[in-house]
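Visitor: build me a structure from this.
(one chain, ligands or ions: 2)
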Amino acid sequence: TRSTRPQRLLRAVQKKAIKGDPQSVISTIDYFCRHSEWAMNVGDEKGAILDSVVCEVSPSTALELGTYCGYSTVRIARLLPPGTKLITLEFNPDYAAVARQIIEYSGLQDKVRVLWTDGVNHIYICLVEGASGDLIPKMQELFGIKTFDFVFLDHWKDRYLPDTKLLEECQLLRKGSILLADNVICPGTPDYLEYVRNSPRYESKYFKSHLEYTKVEDGLEKSVFLG
Ligand SMILES: Cn1ncc2cc([C@H](O)c3cccc(CNC(=O)c4cc(-c5ccc(F)cc5)cc(O)c4O)c3)ccc21
Ligand SMILES: [Mg+2]
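Guide: Ligands and ions are numbered 1, 2, ... in the order given. The predicted structure follows:
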């Protein structure tokens with residue numbers, strides 16, 4: 001049967017990227033998506049904004065909702081200091097399988113481990129198969145996470161708001177936690193935007209950009225939880 005888009009993206013990485021070099025994996029994916037086949041990675045333009053927020057926050061605990069092929073996982077993980085804990089949630093097993101291979105190809109495989117064995121000198125990326133709504137309430141028991149310093153939302157757009165409320169209810173956000181949401185314009189997350197922009201518990205800022213690999217407007221919304 002015909003390969004899937006994530007499989008074709010993985011093949012391009014295995015063929016053209018330098019093994020062990022995260023930047024080369026990122027550039028290869030961006031080139032492939034711009035010149036061969038579009039895919040819903042956050043991309044280079046919004047990716048640069050993601051990079052700057054990750055560097056500014058320098059989180060010791062981070063959560064990504066929606067791994068897809070692992071492009072933003074690699075973007076985030078390459079910037080994280082040793083000892084960071086990055087959890088990325090993917091419910092689609094085919095996407096998770098491709099993401100594992102792309103994360104490993106990027107050389108982060110020695111950091112992709114069962115969580116927090118020593119937690120001293122490695123970044124721990126844990127790619128967990130499952131839906132955010134089921135897994136968020138289990139973060140403490142599964143991973144010993146108390147709160148997240150940084151959350152990147154890039155999964156189903158109608159899950160941004162319920163999952164943000166779930167993070168609040170599970171007390172996984174602390175004063176100063178940063179939420180960064182992709183696609184707040186295209187495809188759009190109107191209920192989430194309305195919430196973080198009007199709730200007294202958040203200070204929100206819009207970073208105008210474009211839908212990955214296109215000229216269509218899109219952007220990222222950065223929201224600080226005020227506690
Ligand atoms: C519950 N739960 N827990 C974990 C988890 C993980 C997933 C998957 O990773 C997954 C699967 C399918 C779709 C998404 C969301 N992404 C998008 O839909 C998107 C679309 C476009 C776009 C824009 C313009 C178009 F014309 C077409 C697509 C541009 C973008 O950047 C996107 O992120 C995420 C899903 C639910 C999950
Ligand atoms: Mg997206």
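Visitor: now this protein, which segments are flagged as low pLDDT?
Guide: Applying pLDDT under 70 to the chain picks out residues 109-124.
Visitor: show me where it has its strands.
Guide: Listed in chain order, the strands of the chain (DSSP state E) span residues 61-65, 85-90, 124-129, 148-153, 173-181, 202-210, 217-225.
Visitor: partners of the spatially most central residue of the chain in the sheet?
Guide: Nearest to the centroid of the C-alpha atoms of the chain, with distances taken as Cα atoms, centre = their mean, sits Glu64, at 3.7 Å. Counting by DSSP bridges, Glu64 forms beta bridges with Thr88, Phe152.
Visitor: one more: Ile125?
Guide: As for beta bridges, Ile125 partners with Leu86, Val112 under DSSP bridges.
Visitor: present the strands of the chain as CSV; the columns should include distance to Ser36.
Guide: C-beta: built from backbone N, CA, C; applies to glycine. Converted to CSV, those look like this (distance: least, Cβ to Cβ, whole Å):
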stretch, distance to Ser36
strand 61-65, 25
strand 85-90, 23
strand 124-129, 25
strand 148-153, 25
strand 173-181, 28
strand 202-210, 19
strand 217-225, 21
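Visitor: rebuild those strands as CSV, extending it with distance to ligand 2.
Guide: Output for the strands of the chain, formatted as CSV (distance: least, Cβ to the ion, whole Å):
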stretch, distance to ligand 2
strand 61-65, 10
strand 85-90, 13
strand 124-129, 17
strand 148-153, 9
strand 173-181, 9
strand 202-210, 11
strand 217-225, 8
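Visitor: ok, Ser60 touching Asp149?
Guide: Yes. Assessed by Cβ atoms under 8 Å, Ser60 is found in contact with Asp149 at 6.0 Å.
Visitor: higher neighbour count, those two?
Guide: Asp149 (18 against 14; other Cβ atoms under 10 Å).
Visitor: would you mind listing what in the protein touches ligand 2?
Guide: Contact residues, the chain versus ligand 2 (Cβ under 5 Å from the ion): Asp154, Asp182, Asn183.
Visitor: switch to 8 Å and redo it
Guide: Proximity of the chain to ligand 2, by Cβ under 8 Å from the ion, involves residues Met40, Asn41, Val42, Lys46, Gly66, Tyr68, Asp154, Asp182, Asn183, Glu212.
Visitor: scan the residues you listed and report the most crowded one.
Guide: With neighbours defined as other Cβ under 10 Å, the most crowded of the residues of the chain next to ligand 2 is Asp182; it has 31 neighbours.
Visitor: once you drop chain neighbours, what's closest to it?
Guide: Nearest non-adjacent residue to Asp182, counting by Cβ to Cβ, 6 or more residues apart in numbering: Asp154, 4.3 Å away.
Visitor: and stretch 174-183, which residues are buried?
Guide: Across stretch 174-183, burial judged by 16 or more other Cβ atoms under 10 Å covers Ser177, Ile178, Leu179, Leu180, Ala181, Asp182, Asn183.
Visitor: try stretch 29-46
Guide: In terms of neighbour count (16+ other Cβ under 10 Å), stretch 29-46 has its buried residues at Ile29, Asp30, Phe32, Cys33, Ala39, Met40, Asn41, Val42, Gly43, Asp44, Glu45, Lys46.
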